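Peer 1: turn this into a structure:
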Amino acid sequence: MALAHLRFAAMPVVTVDATDAHALALRGWGRYTARLLGALPAAADGLQLNFVSRSTPGPEFVWEQVGLARAARRAGSAVLHAPNCFLPLRRSCPGVVTVHDLAFEAHPEDFGRLTALKFRAVAPRAARSAERIICVSRFTAEDLQRRYGIGPERVRVIPLAPALPRRGRRSAGSRPQDAGPYVLGVGDLRGKKDFACLVRAWRSLRREGLPHRLVLAGLDAGEGPRLRAAAGEEPLELTGYIEDADLDALLADADVLVHPSRYEGFGLVVVEAMARSTPVVAAEATVLPETGGRAALYFPPGDDRVLAERMRAALEDRDTREQLIAAGRERAGSLSWEATAAATVAVYRELV
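Peer 2: Take a look at the predicted model:
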């Protein structure tokens, strides 16, 4: 009888908050959640996955701390995974939380008052209460442990992979938007991204005859007017948020991606560009050397003179350019959502 009972015992239930995957405009957490959920079923043999989304009226905080915990309890969950940093503090089962970065600690000026208050009130408590913490990079894991005093025994590093849908090949004889070559930056226009450094470096190259436009693709979080003023009469384009197909085209057809950010938790756009054979120049800051490895050129954060030198090398030195493209393809190819999902399921299995 005991053997029969074990044979037909129900599989452990793992409840995952899928809310971010259904956002109208996928960014950051949402893109991570969507790609993870798509890859988890193939890796979760012997586990019953229970994907739930926000159904509680009122502020999202109510769903994150009450509705999500209730959904996990009703499903008889063995594990609850919050793929953002808002794991319910009170729950009926062990919790897994994914921490992407601690930008709200490092750059509080980039966050609204209420948003910063929520992050600072919940994220440290969620991390300290979690049975397992998934960090998307070694840098984020070390940042978390240092800031919150969390021991490494509960922390697992699971990197991301290129997540943006691809059209498969470059367009023949055409470029997105206006005609002509361009340098690309991708990310919200906010202080920590330091696109002002990129504008200065690009302007210095324009004075030396560089024909490229500068395209910055991302929501304007307040830096737009300052960047336009810094560009003067030079051809700067601020696209705002753009759909996946347009971002894919911009990345594939750019002559170089420059990522001057002073703080990132992973820097996914770096490997997105590499996957599309676009050379990358990035700030030698926080996680970016970890993410880009030897497949990018780096410059000291905020140093527009060195950035201009690196940009010129990536744009004009044939050998350097070919080496970056080849190394970038290899780096991007070493990452996959199948591997990310398998490592995530391994974390679940530690707790069931």
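Peer 1: contact partners for residue 306?
Peer 2: 299, 300 (CB atoms under 8 Å, 6 or more residues apart in numbering). The way it works is simple: take the backbone N, C-alpha and C, and place the C-beta from them, glycine included.
Peer 1: pLDDT of the strand or helix carrying it, averaged?
Peer 2: For residue 306, the element it lies in under DSSP states H and E is helix 304-316. Per-region confidence: helix 304-316 scores 98 on mean pLDDT.
Peer 1: after it, which helix or strand is next?
Peer 2: Heading towards the C-terminus - elements assigned by DSSP H and E - helix 304-316 is followed by helix 318-333.
Peer 1: so that following helix versus helix 304-316, what angle?
Peer 2: Taking axes from the mean of the first three to the mean of the last three CA atoms, to 10 degrees, helix 318-333 and helix 304-316 form an angle of 90 degrees between their directions.
Peer 1: what's in contact with helix 318-333?
Peer 2: Residues external to helix 318-333 that are found in contact with it (CB under 8 Å, 6+ apart): 161-162, 271-275, 277-280, 292-297, 313-315.
Peer 1: buried ones in the helix holding residue 306?
Peer 2: Residues of helix 304-316 classed as buried: 304, 306, 307, 308, 309, 310, 311, 312, 313, 314, 315 (neighbour count, 16 or more other CB atoms under 10 Å).
Peer 1: returning to what we had before: just the buried residues out of the contacts of helix 318-333, in ChimeraX syntax.
Peer 2: Buried members of the contacts of helix 318-333, identified by 16+ other CB under 10 Å, are gathered into one ChimeraX selection as follows:
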select :161,162,271,272,273,274,275,278,279,280,292,293,295,296,297,313,314,315
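Peer 1: from the contacts of helix 318-333, which ones fall inside helices?
Peer 2: For the contacts of helix 318-333, membership in helices holds for 271, 272, 273, 274, 275, 292, 313, 314, 315, with DSSP state H as the criterion.
Peer 1: adding distance to residue 150, write the residues you listed out as a markdown table.
Peer 2: What follows is these, written out as a markdown table (distance: CB to CB, whole Å):
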| residue | distance to residue 150 |
| --- | --- |
| 271 | 27 |
| 272 | 30 |
| 273 | 32 |
| 274 | 31 |
| 275 | 32 |
| 292 | 27 |
| 313 | 40 |
| 314 | 38 |
| 315 | 43 |
